[in-house]
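*Asks:* pasted the sequence and its predicted model underneath.
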Amino acid sequence: QVQLQESGPGLVKPSQTLSLTCTVSGGSITTNYYYWNWIRQPPGKGLEWIGHIRYSGTTAYSPSLKSRTSISRDTAKNQFTLQLSSVTPEDTAVYYCVRDKDGSRTYDYWGQGTQVTVSS
C-alpha cells in the first residue's frame, strides 16, 4: 500500500519561501511511470495543480506558478520537495502530495494534506 505524507511548517511569512516535503512509502518514486504531484486547495476554492516531478526526474509546473516554483527529489530518502518562493497570503492553502499513475492526471494516492498559512 502506497502512502504519502506531507511535512513542513504550517506558518510562513510573506515574501519568504514555502518548503514542503512528501515522504513516500510502499513504492519508489523512481518506478515507471509514476508522476509525483503537488496540488493545493485555498480556502473556499477548488483544487489547483502546482506541478510534478516524473519517475525520470524531469519536472513540469503550472504556468501561473512556474516563476516561483521548484520541485526536487531525494531518491535515497524516497522524498520529493516543493519550494514556492515570494509567498503572499494568496498562497494560503491545504497542500497535498499526490501520485498520478501515468501522467494522465489519474490521481490514485493522496497525502492527508497539510495546512500552510501565509501571515506576518
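*Replies:* Received, thanks.
*Asks:* which helices and strands sit right next to the strand or helix carrying residue 115?
*Replies:* In the assignment (DSSP states H and E), residue 115 maps to strand 114-118. Helices and strands in packing contact with strand 114-118 are listed as strand 11-12, strand 18-25, strand 93-100; criterion 3 or more C-beta pairs under 8 Å, 6 or more residues apart in numbering; DSSP states H and E. Using the backbone N, CA and C atoms, a C-beta is placed for each residue, glycine as well.
*Asks:* how does it look with 6 Å?
*Replies:* strand 93-100 (3 or more C-beta pairs under 6 Å, 6 or more residues apart in numbering; DSSP states H and E).
*Asks:* now the most centrally placed residue in the chain. Nearest residue, chain neighbours left out?
*Replies:* Geometric centre of the chain, nearest residue: residue 38, 2.5 Å, by C-alpha atoms, centre = their mean. Nearest in space to residue 38, with sequence neighbours left out and distances taken as C-beta to C-beta, 6 or more residues apart in numbering, is residue 50 at 4.1 Å.
*Asks:* any idea how far residue 120 is from the one you found?
*Replies:* Distance of residue 50 to residue 120, computed by C-beta to C-beta, to the nearest Å: 23 Å.
*Asks:* pLDDT score for the residue nearest to residue 89 when sequence neighbours are not counted?
*Replies:* In space, residue 89 comes closest to residue 118 once its chain neighbours are excluded; the distance is 5.0 Å by C-beta to C-beta, 6+ apart. Looking at residue 118, its pLDDT is 98.
*Asks:* got a list of contacts for stretch 65-73?
*Replies:* The contact list for stretch 65-73, computed with C-beta atoms under 6 Å, 6 or more residues apart in numbering, reads 50-51, 53, 59, 61, 80-86.
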